[in-house]
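Novice: Here is my input; please provide its structure:
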Amino acid sequence: MTFAERLKRFRQQKGLTQAQLAELLKVTTRTITNYEAGRNHPTLEVIPRLEEVFNAKIDLLMDEQDKFISEARAQGGCRGKLGAERLVAEVSGLFAGGDLNEADKDAVMRALQDAYWEAKKENRKYTPKKYRK
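Specialist: Reported below is the predicted structural model:
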């Protein structure tokens, strides 16, 4: 089940409309619509509010891949988010029809995420100084 599906289910179980949830999270209704359509993931600022509204740990709403995409967006903006989504999609294709159990898949995904962040850190040194933060 995807983050979008879990969020919608949690919202409906709580008896909230998209507009009410948006108000509680201090985001727009369009943002909630995009979350539930699978077009966006919450920012790192919204995640604690989600936990508070649903009185649940974020692990119930987001899996490792969703968290990775949110973190990539926070660190790299839209380009970071797109790169992370592409990586997740390509890696997920590797698991199709395979024999790996969920724990092994998670371990592989975490290793690839670590490699992704290490590569980002290494590539940063090649960025011209005027563009570095």
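
Novice: what pLDDT, on average, does the longest helix seen in the chain get?
Specialist: Criterion DSSP state H: the longest helix present in the chain is helix 64-95. Across helix 64-95, the average pLDDT comes to 77.

Novice: residues in contact with the helix or strand encompassing residue 105?
Specialist: Using DSSP states H and E, residue 105 sits within helix 102-124. Residues from elsewhere that reach helix 102-124 (C-beta atoms under 8 Å, 6 or more residues apart in numbering): 64-65, 68, 72, 75-76, 80, 83-84, 87-88, 91, 95, 100, 132. C-beta here means a position set from N, CA and C on the backbone, and glycine is covered the same way.

Novice: Return the member of these nearest to residue 17.
Specialist: When those are ranked by distance to residue 17 (C-beta to C-beta), residue 65 comes first, at 27.7 Å.

Novice: isn't that closest one right up against residue 90?
Specialist: No - counting by C-beta atoms under 8 Å, residue 65 sits too far from residue 90 to count as a contact (11.8 Å).
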